[in-house]
Every structure is written in structure tokens, then in C-alpha cells.
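[1] turn this into a structure:
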Amino acid sequence: MKIRLSLLLALSLFSLPVGASQEGADRLTQFSVESQWGAVSGTQDSSGITQLSVRAFGKTYALSKTQLQELQGLMVNGIQLSSEGGYVGFGGQTIYIALSFGFTSGVESTKFVVVSEENGISIKNLQGPPPPNNSFKPSPLRGLGRAP
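    Residues are numbered from 1 along each chain as shown. Predicted coordinates for the structure are as follows:
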């Protein structure tokens, strides 16, 4: 009888409900980011970006109402800036603004605002780079000045 009671008590302890918190995404309601090439600022409500402007190349660019509609439904909680020197006749200098939604486990969705010196501001669905290949193992001789 004692063994049964002990066994029942042990089993009931292991079957208690377990609670764990779940990561939530925080929406940026107002943001402003500056880099050496330009500045991005904007606001967002529950339906998406409501205003976004970019200061670059000596000008200020703002998304039109139509462009803002293209971003509707994207909850932004991450911003990344990159740029390229570009070529005359092919857009010139260009700034890429990645507006993303994600968690610590990875990015769920991204839209790009592209501002080029020659073509102005636009929304693009560009393909980001592939995830890193973590199977790469550097040679222990790499960087030591020895031939492999």
C-alpha cells in the first residue's frame, strides 16, 4: 500500500501542468535611424506603417499613400540599412531599408524601401541572402601564413 501511494504521488508530481512563456513581437510605434548615408523615420499603428520618410542625397523622400498601402499588414519590429555606390544611369547611389518582422528565432517577413539618387523612393520585395551555412569549418592553418 505504501509503495502504491508513493508511486501515485510521484506520478502526480510529474503530470502537473507546466507553464512556459511565449515570445511576443513588439511593434515599433515610432522610429528614427541614422547612418552615414541617410536617416529614416516613421510611425506605425496596428495596421502597418503610417508614415515613412528618408533623408538622403541632400533630399527628403516620403512614401506616398499608395506606397504606404503596399506596406499595410507588415508589422515592423526591425530595421536594417545598407547602401551601394551605384552607377550613373542605373539608379546611382542607393540606400536599402529592410523593414522586417521577426523573433529571436528568425525573420518572418521583410519588405524593402529602396531610395536611389536617380529613381527616388520605391517599395521592393527583394530576396534576402540565404541563411548562414553553419557547417563551414575553417582550416586550423588559415590565417597562419602556411600553405594548406
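[2] every contact and neighbour count from this point should use C-alpha atoms.
    Will do.
[3] distance check, residue 73 against residue 41.
    Distance, residue 73 to residue 41, by CA to CA, to the nearest Å: 19 Å.
[4] so the two - more neighbours on which side?
    Taking neighbours as other CA atoms under 10 Å, residue 73 and residue 41 compare with residue 41 leading, 15 against 11.
[5] model confidence score at that one, please.
    pLDDT recorded at residue 41 is 96.
[6] quick one, what contacts the residue most central in space within the chain?
    Per CA atoms, centre = their mean, the C-alpha nearest to the average position across the chain is that of residue 100, at 3.6 Å. With contact set as CA atoms under 8 Å, 6 or more residues apart in numbering, residue 100 has these partners: 74-79, 107-111.
[7] let's see it at 10 Å
    74-80, 107-112 (CA atoms under 10 Å, 6 or more residues apart in numbering).
[8] got it, and residue 101?
    By CA under 10 Å, 6+ apart, the neighbours of residue 101 are 25-27, 74-79, 107-111.
[9] now the residues you listed: which count as buried?
    27, 74-79, 110-111 (16 or more other CA atoms under 10 Å).
[10] let me know the closest of the residues you listed to residue 58.
    Closest approach between those and residue 58, by CA to CA: residue 79, at 21.7 Å.
[11] bridging residues for the closest one?
    Partner residues in beta bridges with residue 79, using DSSP bridges, are residue 99.
[12] now the contacts of residue 100 in TSV, with secondary structure, pLDDT and distance to residue 126?
    Output for the contacts of residue 100, formatted as TSV (DSSP: H, G, I helix; E, B strand; the rest coil; pLDDT from 0 to 100; distance: CA to CA, whole Å):
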residue	secondary structure	pLDDT	distance to residue 126
74	coil	89	15
75	coil	91	17
76	coil	91	16
77	coil	91	18
78	strand	92	16
79	strand	94	15
80	strand	92	13
107	strand	85	14
108	strand	85	14
109	strand	88	11
110	strand	90	8
111	strand	93	7
112	strand	94	7
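[13] turn the residues you listed into JSON lines, including distance to residue 52.
    Converted to JSON lines, these look like this (distance: CA to CA, whole Å):
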{"residue": "74", "distance to residue 52": "13"}
{"residue": "75", "distance to residue 52": "14"}
{"residue": "76", "distance to residue 52": "12"}
{"residue": "77", "distance to residue 52": "14"}
{"residue": "78", "distance to residue 52": "14"}
{"residue": "79", "distance to residue 52": "12"}
{"residue": "80", "distance to residue 52": "14"}
{"residue": "107", "distance to residue 52": "21"}
{"residue": "108", "distance to residue 52": "21"}
{"residue": "109", "distance to residue 52": "18"}
{"residue": "110", "distance to residue 52": "16"}
{"residue": "111", "distance to residue 52": "13"}
{"residue": "112", "distance to residue 52": "12"}
